[in-house]
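In: Here's my sequence, what's the structure:
(one chain, ligands or ions: 1)
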Amino acid sequence: MSTVEQELIAAIRNIADYPKPGIMFRDITTLLGNPRAFRRAVDELVHPFAGLKVDKVAGIEARGFILGGAIAHQLSAGFVPIRKKGKLPHDIVRVAYSLEYGVDEMEMHRDAITPGEKVILVDDLIATGGTAEGAVKLLRQMGADVVSACFVIDLPDLGGRAKLEALGVDVKTLVTFSGH
Ligand code: AMP
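Out: You can find the predicted model right below:
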């Protein structure tokens, strides 16, 4: 394991049985609160795109906003919020996405993307991939060229990365944890 991975893993707090029994919650608030780890995570996520043209960074509410805003700034790209339903004030496009139990909906402003724009999707963690898959569908529906989906944490046993790759999306993650 690289020293960067070790540093990031050490900065993530693990909370057993949250929000329910059997789930190990990967809490990145400790990483965000650690100046060195936060910078490291953002630098590592930005690195593959340095020198490439990226028009927009789309962040998934809420932790994807924090990371995505910093990444957009570094890449001199615009930022697009993908929000839980009912939060955006203008014309929206909406998609239903699957959660572990049931479905939910997320929304994006209809004019947030110009067709053909190169977009990077950002969230803190990919588990089953249901959330990110919904976001990719929304972005593509608006004509975005989804260049990559980036996450600090991958839980590969839950299959999210494979799900996105099957959609033809390049996936980048910084650290991996086995299990749930
Ligand atoms: P999924 O749609 O299953 O890929 O779930 C991803 C979303 O749920 C992300 O927005 C994560 O922040 C959150 N999430 C899922 N599992 C965990 C976990 N074990 N720890 C922290 N956040 C999680």
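In: contacting residues around the residue nearest the centre of the chain?
Out: Of all residues in the chain, the one closest to the mean position by CA atoms, centre = their mean is residue 123, 1.7 Å from it. Residues near residue 123 by CB atoms under 8 Å, 6 or more residues apart in numbering: 59-60, 63-64, 67, 131-132, 135, 149, 151. Heads up, the C-betas are built off the backbone N, CA and C, glycines and all.
In: Go through those residues and say which is closest to residue 115.
Out: Comparing the contacts of residue 123 against residue 115 with CB to CB places residue 135 closest, at 17.1 Å.
In: Looking at the contacts of residue 123, which is nearest the ligand?
Out: residue 131 (3.3 Å; CB to the nearest ligand atom).
In: Report the buried residues of the helix or strand where that closest one lies.
Out: For residue 131, the host element (DSSP states H and E) is helix 130-141. By 16 or more other CB atoms under 10 Å, the buried positions in helix 130-141 come out as 130-140.
In: so which of the residues you listed also contact the ligand?
Out: Subset of those in contact with the ligand: 130-132, counting by CB under 6 Å from any ligand atom.
In: ends of stretch 12-22, how far apart?
Out: 18 Å (CA to CA, to the nearest Å).
In: Pull the distance from it to the chain's centre.
Out: With CA atoms, centre = their mean, to the nearest Å as the basis, stretch 12-22 stands 20 Å off its chain's centre.
In: Say whether the ligand is contacted by that stretch.
Out: No. Between stretch 12-22 and the ligand, judged by CB under 6 Å from any ligand atom, nothing touches; the nearest distance is 8.2 Å.
In: Now residue 78. Nearest residue, chain neighbours left out?
Out: Excluding its sequence neighbours, the residue lying closest to residue 78 (CB to CB, 6 or more residues apart in numbering) is residue 56, at 4.7 Å.
In: for residue 30, same thing?
Out: residue 13 (4.3 Å).
In: per-residue confidence for the one you found?
Out: Note for residue 13: predicted pLDDT of 98.
In: Please apply the same query to residue 55.
Out: We note a pLDDT of 98 for residue 55 in this prediction.
In: Tell me which residues touch it, please.
Out: Counting by CB under 8 Å, 6+ apart, residue 55 makes contact with 77-78, 114, 117-119.
In: Which of these fall within strands?
Out: Counting by DSSP state E, the part of those found in strands is 78, 118-119.
In: Can you name the helix or strand that residue 15 falls in?
Out: Under the assignment here (DSSP H and E), residue 15 is part of strand 13-16.
In: Fine, thanks again, bye for now.
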